[in-house]
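>>> show me how the following folds:
(chains A and B)
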There are 2 protein chains.
Amino acid sequence: MTVPAPAKVNLSEKLGQFTEQWSPRIVARYNGNDVMVVRVEGEFVWHSHPDTDDFFLVVDGELDIELRDRTVTLGSGELFVVPTGVEHRPVARRGEVKLLLIEPRGTPNTGDEATAAVKVEI
Amino acid sequence: MTVPAPAKVNLSEKLGQFTEQWSPRIVARYNGNDVMVVRVEGEFVWHSHPDTDDFFLVVDGELDIELRDRTVTLGSGELFVVPTGVEHRPVARRGEVKLLLIEPRGTPNTGDEATAAVKVEI
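Presented below is the predicted three-dimensional model:
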C-alpha cells in the first residue's frame, strides 16, 4: 500500500466544502498534529487542554478568545496560541468566523472526550 | 520571574517589521515548535529535514516548492506540509513571497546547522 503524496491545501476551498459550525475538518498533518479548518459562530464552552497549546489563526471574520483575565480579539491574518492548561472560550459574536487550528492528533476540542466533536478528514 | 502573557500576532504587522529575505522571525511558540514569518525571493537550497515535517503557509505572493518529482505551487491562503525526509527547494520566481512557517524549535532551515539562518524572535 502506498501512502498518497500530500497535496497543497487551499484554505478557502476547504472551508467552502462544508457549512456546519464548530465541526473541525482535518486538512493536513504536521508531525503529530492535525491541521484543521473550522467555521464557528456564537459561544463555545470554557475549557482547557492539560497537555497542549492550542493554535488559532483567523482566516476570515473576527474571533474573541476569552481568557479568565482578558479577551484576545483576532481579525483575519491574526493568530494566537493559548498556552497549555489556560482556560479559554472562543466566541464569535460578530458573525461567522473561519479558522485554521492546529492541535496534536486526538486532542478533544472541548478538552473532554465525552463532549468533543469528531474531526473528519477532508 | 514571570513569563509574559502571550500576545496575539498580526502576520502583516510582523512582516512589516523587517525587509531581510530568507531570515525567519519567530512570532509565537506552539508546544515545541517555532511559529515564524519570513520573506523570500529567488531560489533556496535543496534540502530535507530527517526528523520533521516542514509547514509552509503563503501569506502573500506565489511560492514554488520544488520536490524531486513535482512542483507544488502555493498562492496566498494555501499551505503545504513537506513530509519528513523529503527533499525540497522553495523558490520564489515571481516576486517576493511572505510565508508563515512552523518547525520544531532548533530546526536548521537549510537542513544543516552549518549553513542555517539564525532565527530571531520579534
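>>> in the sheet, who's paired with the most centrally placed residue in chain A?
Compute the mean C-alpha point of chain A, and by Cα atoms, centre = their mean the closest residue is residue A:101, 3.4 Å away. Note on residue A:101: beta-bridge partners residue A:36, residue A:56, judged by DSSP bridges.
>>> residues of chain A that sit close to chain B?
Contact residues, chain A versus chain B (Cβ under 8 Å from any Cβ of the partner chain): A:5-12, A:27-31, A:35, A:52-53, A:55, A:57, A:59, A:70, A:72-75, A:77-81, A:83-84, A:100, A:102, A:104. The C-beta positions use only the backbone N, C-alpha and C, and glycine is treated the same way.
>>> among these, name the ones in strands.
Among those, the members falling in strands (DSSP state E) are A:9-10, A:27-30, A:35, A:55, A:57, A:59, A:72-74, A:78-81, A:100, A:102, A:104.
>>> hmm, back to that, mind giving me the PyMOL command for buried ones among the residues of chain A next to chain B?
To isolate the buried members of the residues of chain A next to chain B in PyMOL, using 16 or more other Cβ atoms under 10 Å in any protein chain shown:
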select buried, chain A and resi 8+9+10+11+27+28+29+30+31+35+52+53+55+57+59+72+73+74+77+78+79+80+81+83+100+102
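>>> for the closest residue to residue A:10 other than its chain neighbours, what are its contacts?
Distances taken as Cβ to Cβ, 6 or more residues apart in numbering or on different chains place residue B:78 nearest to residue A:10, at 5.0 Å, with adjacent residues excluded. Neighbouring residues of residue B:78 by Cβ atoms under 8 Å, 6 or more residues apart in numbering or on different chains: A:8, A:9, A:10, A:11, B:57, B:58.
>>> count the neighbours of residue A:68 for me.
A count of nearby residues for residue A:68, using other Cβ atoms under 10 Å in any protein chain shown, gives 10.
>>> per-residue pLDDT, the nearest residue to it once chain neighbours are set aside?
In space, and not counting its chain neighbours, residue A:68 is closest to residue A:87: 5.4 Å by Cβ to Cβ, 6+ apart. pLDDT, residue A:87: 97.
>>> ok, residue A:87 - contacts?
A:46, A:47, A:48, A:67, A:68.
>>> tell me which of those residues fall in strands.
Using DSSP E, residue A:67 are the members of the contacts of residue A:87 that sit in strands.
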